[in-house]
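Q: Structure, please.
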Amino acid sequence: MKDVLHAKNILIVDDDEIVARTIERSLRSPEFCVTVAYSGVQALQIARRQPPDLMILDILMPGIDGYEVCRQVRADPLLSQLPVLFLTARSKEEDKIEGFRVGADDYLPKPFNVEELIMRVKAILRRSTATAPPESAQRQLQAGDLVLDCNTFEVTVKDRRVSLTPVQFDLLYYLMSHAGQVLSAQQLLQDVWDYPYDAGSPDLVRVHIKNLREKLEPDPSAPVYLRTIQGHGYAIVVSNQ
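A: Predicted coordinates:
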């Protein structure tokens, strides 16, 4: 039981199931608990709900690619310290430079040597453990009066606590992570629902926005937190009302 409690959680992100499972088998041991995601959006959702100790990330994936996943990790106040190792078939020097530019901690080209992968994983985890913040420090996200608890999937609006469904949590998390920014329905469909560009219906977003307002707003017909910016999209407003 002690080994399980102290095992490091590793999130593997690769759209190729065979490759992902090969990496998983290479790492699975009493030292590591391994989770697999097959898209960038799925990886971000998993990481936001339960941050791993390390993300092993492919670059070439449909939807948002590995570079964009890494950018979003670094921009996310709850994930900004998460170590990222790129494991990818892109091996040119300019690919590595871009990987480090967007915030990677290490970069290993495919095909990879299993022993080298394990060595690099352990080295990254040693470095991150030495500088890791307390576990309790990064589990809430706040935007104005809204406080999102990522342990319980509840949001507090002033003194009122509200439970969220998984999709509502993912949507509100994304909106609050980009508080003050206007986000189009198309962007939300891509980054929350993992739809390809120009696919999916804006009605899907509209319905979930409506449901969130029913839970968050004092008067859903006159929203003060989750605003519609006519012709552009939606935004979490953080100014005092």
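Q: helix or strand for the closest residue to Tyr173 other than its chain neighbours, which one?
A: Using CB to CB, 6 or more residues apart in numbering and skipping the chain neighbours, the partner closest in space to Tyr173 is Arg48 (5.5 Å). Where C-beta positions appear, they are placed from N, C-alpha and C, glycine not excepted. Assigned by DSSP states H and E, Arg48 belongs to helix 40-49.
Q: now swap in Leu171 and tell me
A: Counting by DSSP H and E, Leu171 is found in helix 166-177.
Q: now for that helix, which elements pack on it?
A: helix 40-49, strand 140-143, strand 146-149, helix 185-191, helix 202-216, strand 233-236 (3 or more CB pairs under 8 Å, 6 or more residues apart in numbering; DSSP states H and E).
Q: Using CSV, write out every CA atom in it.
A: Output of helix 166-177 as CSV, limited to C-alpha atoms (Å, rounded to 0.1, in the frame of the first residue of the first chain):
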residue,chain,number,x,y,z
PRO,A,166,-18.5,17.1,-15.6
VAL,A,167,-19.3,19.0,-18.8
GLN,A,168,-20.4,22.1,-16.8
PHE,A,169,-17.1,21.8,-14.8
ASP,A,170,-15.0,21.6,-17.9
LEU,A,171,-16.8,24.6,-19.5
LEU,A,172,-16.7,26.8,-16.4
TYR,A,173,-13.1,25.8,-15.7
TYR,A,174,-12.1,26.9,-19.3
LEU,A,175,-14.1,30.2,-19.0
MET,A,176,-12.6,31.0,-15.6
SER,A,177,-9.1,30.2,-16.8
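Q: so it versus helix 40-49, what angle?
A: Counting by axes from the mean of the first three to the mean of the last three CA atoms, to 10 degrees, helix 166-177 lies at 80 degrees to helix 40-49.
Q: So which residues make contact with helix 166-177?
A: Helix 166-177 is contacted by residues 45, 48-49, 75-78, 141-143, 146, 148, 150, 153, 155, 164, 183, 188, 191-192, 208-209, 211-212, 215, 226, 234-236 when judged by CB atoms under 8 Å, 6 or more residues apart in numbering.
Q: make it 6 Å
A: 45, 48, 76, 141, 143, 148, 153, 192, 208, 212, 236 (CB atoms under 6 Å, 6 or more residues apart in numbering).
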